[in-house]
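**Student:** My questions are about this predicted structure, shown below with the sequence.
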Amino acid sequence: QVQLVESGGGVVQAGASLRLACAASGRIISTYAMGWFRQAPGKEREFVAAISRSGVSTLYADSVKSRFIISRDNAKNTVYLQMNSLKPEETAVYYCAARPWTTATDQHEYIYWGQGTQVTVSS
């Protein structure tokens, strides 16, 4: 079992930055690929970014490329999402998730999920 707890959400103005963190416990996350997803009100949950077990490989949704950076510190069992130049339409609950071995963009391939952290971007 892996328990995931997100933090770092909040209310910011458009153009601002936020750094989300996902702390894992229960098992060493170095054996898991990690992903960030988000769900806006009235919309389906969507892929944001993913990172391989070692941190060498990353994947991003086209909408966040060049603005968001996913990283991980396996020694701290923590994954991060640095979000820059935030837009109002990115207001959502952000979730981190874990799956064994390889990265994926499909949320259904992730086994463990956190409770989410709210990010609100005002215009």
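**Tutor:** It's in.
**Student:** so who does the most centrally placed residue in the chain touch?
**Tutor:** Taking Cα atoms, centre = their mean, the centroid of the chain lies closest to Trp36, which sits 2.4 Å from it. Trp36 sits next to Leu20, Cys22, Val48, Ala49, Ala50, Ile70, Val79, Leu81, Tyr94, Tyr95, Cys96, Ala97 when contact means Cβ atoms under 8 Å, 6 or more residues apart in numbering. C-beta coordinates here come from the backbone N, C-alpha and C atoms, glycine included.
**Student:** change it to 6 Å
**Tutor:** By Cβ atoms under 6 Å, 6 or more residues apart in numbering, the contact list for Trp36 reads Val48, Ala49, Leu81, Cys96.
**Student:** Quickly find the element holding the third one.
**Tutor:** Put plainly, it is Leu81. Assigned by DSSP states H and E, Leu81 belongs to strand 78-83.
**Student:** just checking, what packs against that strand?
**Tutor:** For strand 78-83, the elements it packs on are strand 18-25, strand 68-73, judged by 3 or more Cβ pairs under 6 Å, 6 or more residues apart in numbering; DSSP states H and E.
**Student:** after the first one, next one along is what?
**Tutor:** It stands for strand 18-25. That would be, after strand 18-25 and using DSSP H and E, strand 32-39.
**Student:** Which helix or strand lies directly C-terminal to that following strand?
**Tutor:** Assigned by DSSP H and E, the successor of strand 32-39 is strand 46-51.
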